[in-house]
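Enquirer: mind looking at a prediction? Sequence and model below.
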Amino acid sequence: MSKRLIVLFAGVLALAIVAGCGSSDDSTDTDTTSVDVTITKEQLIAQGDAICKQGNEEIEEGFESYAEENGIPKNQEPSDEQGVEIVETVLVPNLKTQAELIRGLGAPEGDEEQVEELLDSLDEAVETAEDDPEALFNEDTDPFGDVNQQAQDYGFSECGEE
């Protein structure tokens, strides 16, 4: 896998986190007091981008660790088999974590539908990456292209970065 692919992974991860924004009210709490916590779009973007930035760094570190552990020189791309393993062991788990963290932030009032669309796109892209990791190796079949664009269109800078 090339550095470009790693950067693509990082961008996908970052976007995935942003796309994970949404709120789920599965509360079974019987307490009679409830507090609705809302997040503004600016807060969501700032906090989501922070999550994406950290996730991107973790992906880069994971790739570097994998390369070192498997004797892949810095100027050499991993084999397709190694690339698949990197997707499965580094990229997908990190994207799932980022998505969970961003989901926990909630969605700004009025943006729930747009954030849900991001979440749905992210879930589909992660599922595709799990089912066909090699899809990430080709720009034409990259499952994260659309969700990255959605994140950028929403206003994220770290999330959805390619």
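Expert: Received, thanks. Residues are numbered from 1 along each chain as shown.

Enquirer: where does this structure dip in pLDDT?
Expert: 1-37, 162 (pLDDT under 70).

Enquirer: hey, which helix is longest across it?
Expert: Secondary structure of the chain per DSSP state H: the longest helix is helix 41-69.

Enquirer: check which helices and strands the helix or strand just after it is in contact with.
Expert: Toward the C-terminus, helix 41-69 is succeeded by helix 80-86 as the next helix or strand (DSSP states H and E). Secondary-structure packing of helix 80-86 (3 or more CB pairs under 8 Å, 6 or more residues apart in numbering; DSSP states H and E): helix 41-69. Quick note: C-beta positions are derived from backbone N, CA and C, even for glycine.

Enquirer: so which bits of the helix it packs on are buried?
Expert: Across helix 41-69, burial judged by 16 or more other CB atoms under 10 Å covers 41, 44-45, 47-49, 51-56, 58-60, 62-63, 66-67.

Enquirer: now stretch 126-138
Expert: In stretch 126-138, residues buried by neighbour count (16+ other CB under 10 Å) are 126, 128-129, 133, 135-137.

Enquirer: between those, which is closest to Asp146?
Expert: Distance ranking of these against Asp146, using CB to CB, places Thr128 first at 11.0 Å.

Enquirer: give me the three-state assignment for that closest one.
Expert: helix (DSSP: H, G, I helix; E, B strand; the rest coil).

Enquirer: show me the contacts for it.
Expert: 135, 143 (CB atoms under 8 Å, 6 or more residues apart in numbering).

Enquirer: mind checking how far it is from Ile72?
Expert: 25 Å (CB to CB, to the nearest Å).

Enquirer: re earlier: any chance of TSV for the buried residues of stretch 126-138, columns distance to Leu118?
Expert: As requested, those are exported to TSV (distance: CB to CB, whole Å):
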residue	distance to Leu118
Val126	12
Thr128	16
Ala129	16
Pro133	22
Ala135	20
Leu136	19
Phe137	24
